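Novice: here is the input, now give the coordinates:
(one chain, ligands or ions: 1)
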Amino acid sequence: MARSTVHLHNAMPHILLITISWLLLVATALAERPNIVFIFSDDHACQAIGAYGSKINQTPNIDRIAREGALFVNSFCANSICGPSRACILTGKHSHKNGFYSNGLGPFDGSQFTFPQELQKAGYQTALIGKWHLISEPTGFTHWDILPGQGSYYNPDFINKQGKRRIEGYCTTITTDLALDWLKRRDADQPFLLMCQYKAPHRTWAPDLKHVNRYADRDIPEPETLFDDWQNRSATLAGNAMSIDRHFYYAYDLKVHQPVPFASDREKELKDNEYRRMTPAQQKAWDAAFKPRNDAFLANPPTGKDLVRWKYQRYIKNYLRCIDSVDENVGRLLDHLAENGLTENTIVIYSSDQGFYLGEHGWYDKRWMFEESLKMPFIIRWPGRIQPGTRCEKLIQNIDYVPTFLEVAGVDVPSDVQGRSLTPLFAEPDSDAWRKSIYYHYYEHGGEHQVPRHEGVRTERYKLINFYSNDGFDLYDLKKDPQEMRDVADDEEYATALTSLKGELQRLREQYDLPELSATVSP
Ligand code: CA
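Specialist: Now for the predicted structure:
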């Protein structure tokens, strides 16, 4: 008895050591393979996010990710339009390498390398819920449930492997419901990737009924450049078709469903598709909010600048109401992670496919290489790996997500991936060993909003835009002119900067293996 006690006594440290080692191994393996929740919206500009200093709204739940993680204030897309930005995110490559140049030139080739396929091979469960917009069937997902095309705000159709069905309710809430359903029924023993992708706040900005009266009793501040005349820059700017003044449709965009006597014939024809999808009960609730406001507008319609101001208010309030739903649903996702012990080992990202003009330069929409649509939000929380309240000013781009995700999942990054892993910036947000410029290229020419094909380079101080299809170079000094109101390409004072930036643009074209620029032929 005494003997065996001694033996047991001697063995105890070994058993303890083995147990501790095993626990450490498990802990390390878990720490090395975090879950990833990628929350993605559509057209959500940084100017409408509290953490980015919004002057027009509050986003407490999105801000919570920033407060508990990192805010990247110089995060950019590579091609500022829905489908192409998504293709860059999936492949880690610029448009000329992933083949998805513009929304009209699909479908996305899902047989090429994408990070969800790699994570799936590495043992991750992968799910995609919500807006996809790449035409082809998603690849690399254990489960997917997507909106057809742009999807609808009201009573949306969803498509999965079993087919299409209509789900009654509001799209942002339903997308979250479907994401939470999947989280609850996934295999808890495997790490997971969840891409929860909202349609909101994309045009045509149809808010949830519970939010239709928000902001009704006050004016939203106007941007300083609401009445931009597009002078002192490339002449091509003045040819745009995305102005708040002239390019909104009363029913489709501004939700005036009563006849508007001074509307153009096109405006009179173009109906609000979201309203048409509503049930009679939904329409009744909608009318109760909007009809009295529309009647008041039509009884005494403003003119000139006051009409622009009225259109801005109608537009921005609906846009912000759509974001209110996104923010609430981000909160639901965060709460679910917290309630299920998933906060610690889950990377949470909030991003959107590109920025948007919220009246700046007199515009709505995106596409141009100007700051408001070039930037995209990138907020990330990773407990234990990113210090709460981190702010990073380094230049990052949507092609960087792939190498980041692969690295955290322990998967090798193929050499032809063009982005860089962001993990060094998690540890050292001020690192000097980071890129000093980003490359941008928008390929659609003309189209609905008359934005020309252009490319460019942005550094910490400057931006050089090459309107190669119809004009020359514009140079902006972002330090002296953050609102990009004056092209200084012809100023003697900037001759050295111009030469240097043209050299940097050429260097980036070579680095990313760009083909010859083509002004007229479709890529
Ligand atoms: Ca978009």
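Novice: what bridges to the residue nearest in space to the middle of the chain?
Specialist: Centroid-nearest residue in the chain, with CA atoms, centre = their mean: Ser352, separated by 1.1 Å. Beta-bridge partners of Ser352, counted by DSSP bridges, are Ser41.
Novice: is it true that it touches Phe378?
Specialist: No - in terms of CB atoms under 8 Å, Ser352 does not count as a neighbour of Phe378; the distance is 9.1 Å. Every residue, glycine included, has its C-beta placed from N, CA and C.
Novice: ok, now which ones touch the residue nearest to the centre of the chain?
Specialist: 40-45, 376-377 (CB atoms under 8 Å, 6 or more residues apart in numbering).
Novice: spatially, which two of those residues are the most separated?
Specialist: Phe40 and Ala45 (14.2 Å; CB to CB).
Novice: looking at the two, which has the bigger crowd around it?
Specialist: Relative neighbour count places Ala45 above the other of Phe40 and Ala45, with 26 against 22, counting by other CB atoms under 10 Å.
Novice: and the more buried one, what are its phi and psi?
Specialist: phi -80, psi 150 (degrees, to the nearest 10).
Novice: that one contacts Trp363, doesn't it?
Specialist: No - using CB under 8 Å, Ala45 is not in contact with Trp363; the gap is 11.3 Å.
Novice: give me the contacts around stretch 476-496.
Specialist: By CB under 8 Å, 6+ apart, the list of residues contacting stretch 476-496 reads 224-225, 228, 232-234, 360, 370-371, 458, 461-465, 472-475, 497-498.
Novice: for that stretch, what is the distance to the chain centroid?
Specialist: Averaging C-alpha positions (CA atoms, centre = their mean, to the nearest Å) puts stretch 476-496 28 Å from its chain's average.
Novice: buried sites along it?
Specialist: By 16 or more other CB atoms under 10 Å, the buried positions in stretch 476-496 come out as 476-477, 483-485, 487-489, 494.
Novice: any idea which of the residues you listed is closest to Asp327?
Specialist: Gln483 (26.6 Å).
Novice: could you list the low-pLDDT ranges of the stretch 251-400 of the chain?
Specialist: Scanning the stretch 251-400 of the chain for pLDDT under 70 picks out no residues.
Novice: can you pull out the helices in it?
Specialist: 265-269, 273-277, 280-299, 304-339, 371-374 (DSSP state H, counting those that start in this stretch).
Novice: measure Ile316 to Ile347 for me?
Specialist: Ile316 sits at a distance of 32 Å from Ile347 (criterion: CB to CB, to the nearest Å).
Novice: actually Asp306, not the one I typed
Specialist: For Asp306 relative to Ile347 (CB to CB), the value is 47 Å.
Novice: same question, Glu328
Specialist: For Glu328, the distance to Ile347 - CB to CB - is 22 Å.
Novice: do Ser325 as well
Specialist: 24 Å.
Novice: what count of nearby residues applies to the residue in the stretch 51-200 of the chain that the ion sits nearest to?
Specialist: Nearest residue of the stretch 51-200 of the chain to the ion, counting by CB to the ion: Cys82, 3.6 Å away. Look at Cys82: counted by other CB under 10 Å, it has 19 neighbours.
Novice: check contacts around it.
Specialist: Cys82 neighbours (CB under 8 Å, 6+ apart): 42-43, 103, 133, 202, 353-354.
Novice: for the ion, tell me which of the residues you listed show up nearby.
Specialist: For the ion, the contacts drawn from the contacts of Cys82 by CB under 5 Å from the ion are 42-43, 353.
Novice: at the contact with the ion, which residues of this protein appear?
Specialist: 42-43, 82, 353.
Novice: and those residues, which is closest to Leu180?
Specialist: Asp42 (19.9 Å).
Novice: now do the same contact list for the closest one.
Specialist: 82, 131, 197-202, 352-353.
Novice: among those, which ones are in strands?
Specialist: 131, 197, 352 (DSSP state E).
Novice: now the last one: how far from Gln58?
Specialist: Going from Ser352 to Gln58 by CB to CB gives 17 Å.
Novice: now swap in the second one and tell me
Specialist: Distance check for Gln197 against Gln58: by CB to CB, it reads 23 Å.
Novice: mind listing what Arg166 touches?
Specialist: Neighbouring residues of Arg166 by CB under 8 Å, 6+ apart: 155-157.
Novice: return the member of these nearest to Ala427.
Specialist: Using CB to CB, these come closest to Ala427 at Pro156, 40.8 Å.
Novice: my guess is the closest one contacts Cys171. True?
Specialist: Yes - the pair Pro156 / Cys171 is scored as a contact, 4.6 Å apart, by CB under 8 Å.
Novice: find the closest residue to the ion in the stretch 101-250 of the chain.
Specialist: Closest point on the stretch 101-250 of the chain to the ion, by CB to the ion, is His202, at 6.0 Å.
Novice: that residue contacts Gln150, correct?
Specialist: Yes - if you go by CB under 8 Å, His202 and Gln150 touch, sitting 6.5 Å apart.
Novice: and for the two, which residues touch both?
Specialist: Lys131.
Novice: these two: which has the busier surroundings?
Specialist: Taking other CB under 10 Å, His202 and Gln150 do not tie; His202 has more neighbours (23 against 16).
Novice: give me the pLDDT for the more buried one.
Specialist: Looking at His202, its pLDDT is 98.
Novice: who's in contact with it?
Specialist: His202 touches 42-43, 82, 131, 150, counting by CB under 8 Å, 6+ apart.
Novice: can you redo those as CSV with pLDDT?
Specialist: Below are these laid out as CSV (pLDDT from 0 to 100):
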residue, pLDDT
Asp42, 98
Asp43, 98
Cys82, 96
Lys131, 98
Gln150, 95
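Novice: returning to what we had before: mark which of the buried residues of stretch 476-496 are part of strands, please.
Specialist: 476-477.
Novice: which of the buried residues of stretch 476-496 sits closest to the ion?
Specialist: Of the buried residues of stretch 476-496, the one sitting nearest to the ion (CB to the ion) turns out to be Glu484, at 20.6 Å.
Novice: what does the domain assignment say about this protein?
Specialist: Listed by automatic domain parsing, the domain ranges of the chain are 33-205+314-520, 231-313.
Novice: winner for burial among those?
Specialist: domain 33-205+314-520 (a mean of 20; mean count of other CB atoms under 10 Å).
Novice: gap between it and the chain center?
Specialist: 4 Å.
Novice: next one: the closest residue to Ala251 other than its chain neighbours relative to Tyr170, how far apart?
Specialist: Distance criterion CB to CB, 6 or more residues apart in numbering; nearest residue to Ala251, sequence neighbours excluded, is Asp272 at 4.8 Å. Here Asp272 is placed at a distance of 16 Å from Tyr170 (CB to CB).
Novice: again with Asp306
Specialist: Asp306 is 32 Å from Tyr170, by CB to CB.
Novice: equivalent analysis for Tyr198, please.
Specialist: Distance from Tyr198 to Tyr170, by CB to CB: 11 Å.
Novice: repeat for Pro377
Specialist: Between Pro377 and Tyr170 the distance is 22 Å, computed by CB to CB.
Novice: for Tyr476, same thing?
Specialist: With CB to CB as the criterion, Tyr476 and Tyr170 are 40 Å apart.
Novice: and for Asp400?
Specialist: Taking CB to CB, one finds Asp400 at 33 Å from Tyr170.
Novice: repeat for Val411
Specialist: 37 Å.
Novice: before we move on, what about Ala122?
Specialist: 35 Å.
Novice: again, but for Glu448
Specialist: Distance from Glu448 to Tyr170, by CB to CB: 26 Å.
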